[in-house]
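> got a structure for you, letters missing:
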């Protein structure tokens, strides 16, 4: 009996993980809620018929998993307010700081001189400052949530490169489909939405400095 119960619980968690989504918009959110309810009903029916777990037990497990992994619509909308925000606007820099920043980013963070030439000197120094901040290296539950958390802090140039191809919500939805390292997930998602290899590499390196 114990072995059977463990098998059923594993089934619950597997089905719930397949139903987890990142919400790209308020319209899609309505579909998501509908799909979640359908998934929950399917799981409940399966296990109630086997007499192993009650509907309430399944619902509790489902809602706990959903609350831990799903990005809500209002979170995305709040982050999108900063699509055109430039965090370097008040940054004062010197030529020596720019030189030091470029040297560090190329040597330690694998940027190329060509990539750094596509952004402003202020953004170069800003990226260097982020690479020195240990707090930006903290982990999180999902890469999508990490990107959402740091969206406001990203250089304006990086955000514009992404929103040229898709909105923040759409990008996070694509991100959520991949597994692997932070770099692999972000790079793969950027390529999926249509970004060139060069831009995807540059943008991925930029984002990973913040998460």
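Yep, that arrived. Fair warning: this is a prediction, and the values are worked out from it, not measured in the lab.
> name the residues that touch stretch 179-199?
Applying C-beta atoms under 8 Å, 6 or more residues apart in numbering, the external contacts of stretch 179-199 come out as 114-115, 143, 146-147, 161-162, 165-166, 170-171, 174-175, 177-178, 200-201, 203-205, 207-208, 211. Bear in mind the C-beta positions are built from the backbone N, C-alpha and C, glycine included.
> break the chain down into its domains, please.
The chain breaks down into these domains under automatic domain parsing: 2-70, 80-210.
> now the end-to-end length of the last one.
Read it as domain 80-210. With C-alpha to C-alpha, to the nearest Å as the measure, domain 80-210 spans 17 Å from end to end.
> now swap in stretch 190-205 and tell me
So stretch 190-205: terminal residues 12 Å apart, C-alpha to C-alpha.
> quick check: pLDDT value at residue 82.
On the pLDDT scale, residue 82 is placed at 84.
> let me fix that: residue 202
94.
> just to revisit the earlier point, could you tell me the least trusted of the domains of the chain?
Lowest mean pLDDT within these: domain 2-70, at a mean of 48.
> need the contact list for residue 177.
Contacts for residue 177 (C-beta under 8 Å, 6+ apart) come out as residue 189.
> no, scratch that, I was asking about residue 158
If a contact means C-beta under 8 Å, 6+ apart, then residue 158 has 203, 206-207 as its contacts.
> go again with 10 Å.
Applying C-beta atoms under 10 Å, 6 or more residues apart in numbering to residue 158 gives the contacts 119, 123, 127, 151, 199, 202-207, 209-210.
> of those residues, which belong to helices?
123, 127, 199, 202-207, 209-210 (DSSP state H).
> export those to a markdown table and tack on neighbour count and distance to residue 89?
Listed next are the ones in helices among the contacts of residue 158 as a markdown table, based on neighbours: other C-beta atoms under 10 Å; distance: C-beta to C-beta, whole Å:
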| residue | neighbour count | distance to residue 89 |
| --- | --- | --- |
| 123 | 23 | 11 |
| 127 | 25 | 15 |
| 199 | 19 | 23 |
| 202 | 23 | 21 |
| 203 | 23 | 20 |
| 204 | 22 | 24 |
| 205 | 20 | 22 |
| 206 | 25 | 17 |
| 207 | 24 | 20 |
| 209 | 25 | 19 |
| 210 | 22 | 17 |
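> farthest-separated two in these?
Maximum pairwise distance among the ones in helices among the contacts of residue 158 (C-beta to C-beta): 17.3 Å, between 199 and 210.
> where does residue 125 fall, helix, sheet strand or coil?
With DSSP: H, G, I helix; E, B strand; the rest coil as the basis, residue 125 sits in helix.
> that one reaches residue 100, doesn't it?
Yes: shown here, residue 125 and residue 100 form a contact pair, counting by C-beta atoms under 10 Å, at 8.5 Å.
> ok, those two, which is more surrounded?
More crowded of residue 125 and residue 100, by other C-beta atoms under 10 Å: residue 125, with 22 against 14.
> quick one: contacts for that one?
Neighbouring residues of residue 125 by C-beta under 10 Å, 6+ apart: 88, 91-94, 97-102, 105.
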